[in-house]
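Engineer: Predicted model, plus sequence, below.
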Amino acid sequence: MKKLIIPILLIIIILEGYFLISSKNSEKNIPSREIRIGYTYFHNPDQINFKKVITDFKNQNDVDFIESIFWGAETISNPNVNVKFPDVHLFINSPRQGTLILNARVWFNNEGAILATSADVNWHKVYFRKINKLESDYFKKVINFKQKSVK
């Protein structure tokens, strides 16, 4: 009986090590940041059609740029925008953690862009920021901005 216990324990230790290492490696295949770019569906403003996904695996610089413009943008109040119809919806997620980091809406204008985030799901309490034309133009390039909403 003692001869049987030692091989079973060795097999269990080896299998535990294998599963521990493989679970750590599988996390490396999941991006830590993902930015989803979407457009409001014309006939249903509650529907968003996602046209582009940017991850830190493939485009670390683009992810860093987009995050930095949101965190560094100047706070403003009462811009002239329709909160229900942004030019772009932007979600920053952490697939590795399974969490939504930022839900934002963007409106482009001649001076740059207006960025909005909300404290609630229904977008009743909205916080606005603005970015300049140079940042806005680069942002449009990164997300392959299309002028019209999806119909």
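Structural biologist: Right, received. Where do you want to start? Numbering: from 1, shown residues only.

Engineer: who's in contact with the most centrally placed residue in the chain?
Structural biologist: Centroid-nearest residue in the chain, with Cα atoms, centre = their mean: Ile92, separated by 1.8 Å. If a contact means Cβ atoms under 8 Å, 6 or more residues apart in numbering, then Ile92 has Arg33, Glu34, Ile35, Ile66, Glu67, Phe70, Leu100, Ile101, Leu102, Ala104 as its contacts. (C-beta placed from N, C-alpha, C; glycine too.)

Engineer: Could you measure from Ala104 over to Pro86?
Structural biologist: Distance of Ala104 to Pro86, computed by Cβ to Cβ, to the nearest Å: 9 Å.

Engineer: higher neighbour count, these two?
Structural biologist: Under the criterion of other Cβ atoms under 10 Å, the comparison of Ala104 against Pro86 puts Pro86 first, with 23 against 19.

Engineer: Now the residue lying closest to Ser118 once chain neighbours are set aside. Its backbone dihedrals?
Structural biologist: Nearest residue to Ser118 in three dimensions, chain neighbours excluded: Val126, at 5.2 Å (Cβ to Cβ, 6 or more residues apart in numbering). The phi/psi pair for Val126 (degrees, to the nearest 10) reads phi -110, psi 140.
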